[in-house]
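Novice: sequence below, structure please.
(4 chains)
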2 protein chains.
Amino acid sequence: MEAGQIILDEGKHSTGCIGLLAGFTYRHRTLRNGARQIISVHVPGDFPDLQSGLLGTAIHTLQMLTPGRLALFRADDLQRLVSERPAIRDALWRETLIDTSICGEWVANVGRRDARGRIAHLLCEFAMRLRSAGLLEGDSYELPMTQDQIADATGLTAVHVNRTLQEMRRTGLIHTERRMVKVNDWDRLAALGDFNPQYLHLEAVRN
Amino acid sequence: MEAGQIILDEGKHSTGCIGLLAGFTYRHRTLRNGARQIISVHVPGDFPDLQSGLLGTAIHTLQMLTPGRLALFRADDLQRLVSERPAIRDALWRETLIDTSICGEWVANVGRRDARGRIAHLLCEFAMRLRSAGLLEGDSYELPMTQDQIADATGLTAVHVNRTLQEMRRTGLIHTERRMVKVNDWDRLAALGDFNPQYLHLEAVRN
DNA sequence: CGACTGATTGACGGGATTCAACAACCGTGG
DNA sequence: CCACGGTTGTTGAATCCCGTCAATCAGTCG
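Specialist: Next up is the predicted model:
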């Protein structure tokens, strides 16, 4: 799939389900006033549309953030898999529970942190999830989001995201080049974002 | 249980799970800066801690909003129930998926609506969920939250919630007396909150 | 009747938005 | 190779919604 391609549209009926093999996707919703909110971002290994797939209708738009590859599961195959293989069913269930956990953290992020905190938290979460997916070795990684998208994920405006990122660069917290983010001071970034990775429930994957 | 009583504390190990029989509960999280964010509110019929129960650790504090009654499920009973009764398993799974859906809507609410919109949305959601739980007949209901709690649910301050509620009363949108909220103009309230009940996935309950 | 919690009010300040313009970047095609 | 159009990033000034602080009022309960 190409970057920006829409996988599933808001309001559409949906039965199957996809697994994300490579690249990143994100779910978002547009309000009537035109404002957009990104609800979640997905890294390889995630199942971005379990929710709509199992509930039947998509409540959000699911879109490619970067070019990537998907695995498609047909509805009946998924059903059979879930009923015949308890371990897989439990793993998928667990995945949906972790989705909720991350979503709850986003509520707190958007609701109770200032701009610096929100962005710092987003950077920390993304780094952590990449690392747990085995896609990050050192302390720099590619954040495949435009400032517009960061704004829509954090409930800010692109202008303010820009100014806040500049401040974080000025104070030596991070370094950016192209779309590459380098975290210079992880501890200070985590403190700024009040980041506690517990909500990601990574224990099971630690190994 | 009494109002305000803590059912499950942040960070605690948790194996069982509860069902809410009567009264309301809410989950919340306190950030290091002292700010509090309410992540979700539960009405009778909900299972407020499926997430922590199945994942093993509570990431949020679960607390009684009002006096109420709970049903306790022991961990092993829950396990057996889930593995022996596919219908119950599916219903519980569905419940967790709807939790996620509501949580996503809250992200959008807190991230992209102004104070009036957020509060209007909260009022609409609560009314709708009460109605679907069979606890609401007319157009007035008891909102069992203090303005402080409304603030923590919407990412605002109590002061601003107060002023916004006053404005909503002045313009005849709602009427409040004690903790009782009467919706005078549902259509205008829903429009103000940009409320679309689709995300609640109430079809299945419509009976 | 005091003590407490919750609701209300006013003045002030500030973080974030808005608007608008400009610069930098990128892939495309002549 | 460079001109180009579109997207993304940057900047400044003015504005405003909401937060902060602090005091007061109202209702409840022992």
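Novice: is there proximity between stretch A:74-87 and chain B?
Specialist: Yes. Contact of stretch A:74-87 with chain B (C-beta under 8 Å from any C-beta of the partner chain) involves A:83, A:86. Glycine gets a C-beta too; all of them are placed from N, C-alpha and C.
Novice: how far does that stretch sit from the chain's center?
Specialist: 25 Å (C-alpha atoms, centre = their mean, to the nearest Å).
Novice: mind listing what's buried in that stretch?
Specialist: A:78, A:82 (16 or more other C-beta atoms under 10 Å in any protein chain shown).
Novice: likewise for stretch A:160-174?
Specialist: Judged by neighbour count (16+ other C-beta under 10 Å), stretch A:160-174 contains these buried residues: A:161, A:164, A:165, A:168, A:173, A:174.
Novice: for the helix or strand hosting residue A:162, what is the average pLDDT?
Specialist: If you go by DSSP states H and E, residue A:162 is part of helix A:158-170. Averaged across helix A:158-170, pLDDT comes to 97.
Novice: would you map the strands across chain A?
Specialist: Using DSSP state E, the strands found in chain A span residues A:6-8, A:17-22, A:25-30, A:36-42, A:61-64, A:69-73, A:140-142, A:174-177, A:180-183.
Novice: quick one: mean pLDDT over the helix ranked longest in chain A.
Specialist: Identified as the longest helix of chain A according to DSSP state H is helix A:86-112. Average pLDDT, helix A:86-112: 95.
Novice: distance from the chain centre to it, please.
Specialist: Using C-alpha atoms, centre = their mean, the offset of helix A:86-112 from its chain centre is 11 Å.
Novice: again with stretch A:114-133
Specialist: What separates the centre of stretch A:114-133 from the centre of its chain is 10 Å, taken as C-alpha atoms, centre = their mean.
Novice: give the buried residues for that stretch.
Specialist: Of the residues in stretch A:114-133, those buried under the neighbour-count criterion (16+ other C-beta under 10 Å) are A:115-132.
Novice: out of the buried residues of stretch A:160-174, which comes closest to DNA strand D?
Specialist: DNA strand D has its nearest neighbour among those in residue A:165, at 5.9 Å by C-beta to the nearest atom of the strand.
Novice: got the contact list for that closest one?
Specialist: Residue A:165 is in contact with A:119, A:147, A:174, A:176, counting by C-beta atoms under 8 Å, 6 or more residues apart in numbering or on different chains.
Novice: got it, and residue A:23?
Specialist: Counting by C-beta under 8 Å, 6+ apart, residue A:23 makes contact with A:1, A:44, A:64, A:65, A:66, A:67, A:68, A:69.
Novice: distance check, it against chain B.
Specialist: 22 Å (C-beta to the nearest C-beta, to the nearest Å).
Novice: phi, psi of that residue?
Specialist: Dihedral pair for residue A:23: phi 90, psi -180, per degrees, to the nearest 10.
Novice: now it. Nearest residue, chain neighbours left out?
Specialist: Spatial nearest neighbour of residue A:23, chain neighbours left out: residue A:68 (1.8 Å); criterion: C-beta to C-beta, 6 or more residues apart in numbering or on different chains.
Novice: near the one you found, how many other residues are there?
Specialist: Residue A:68 has 20 neighbouring residues, counting by other C-beta atoms under 10 Å in any protein chain shown.
Novice: so it sits against residue A:19, correct?
Specialist: No. Using C-beta atoms under 8 Å, residue A:68 is not in contact with residue A:19; the gap is 11.1 Å.
Novice: biggest separation within the buried residues of stretch A:160-174, which pair?
Specialist: Largest separation among these by C-beta to C-beta: A:161 and A:173, giving 14.5 Å.
Novice: now the lowest-mean-pLDDT helix or strand in chain A: buried residues?
Specialist: Scoring the helices and strands of chain A by mean pLDDT, DSSP states H and E places strand A:140-142 at the bottom, with a mean of 85. Across strand A:140-142, burial judged by 16+ other C-beta under 10 Å covers A:140, A:141.
Novice: stretch A:183-192 - what's its average pLDDT?
Specialist: Across stretch A:183-192, the average pLDDT comes to 94.
Novice: which residues outside that stretch are in contact with it?
Specialist: So stretch A:183-192 is contacted by A:116-117, A:120, A:123-124, A:127, A:139-140, A:172-175, A:195 (C-beta under 8 Å, 6+ apart).
Novice: possible to save those as TSV with distance to residue A:105?
Specialist: Shown next, in TSV, are these (distance: C-beta to C-beta, whole Å):
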residue	distance to residue A:105
A:116	17
A:117	12
A:120	13
A:123	14
A:124	11
A:127	15
A:139	22
A:140	24
A:172	26
A:173	21
A:174	21
A:175	26
A:195	9
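Novice: and those residues, which two are furthest apart?
Specialist: Across the contacts of stretch A:183-192 (C-beta to C-beta), the longest gap, 21.5 Å, separates A:117 and A:140.
Novice: so who does the most centrally placed residue in chain A touch?
Specialist: For chain A, the residue sitting closest to the mean C-alpha position, by C-alpha atoms, centre = their mean, is residue A:41 at 1.9 Å. Going by C-beta under 8 Å, 6+ apart, residue A:41 touches A:24, A:25, A:26, A:65, A:126, A:145, A:153.
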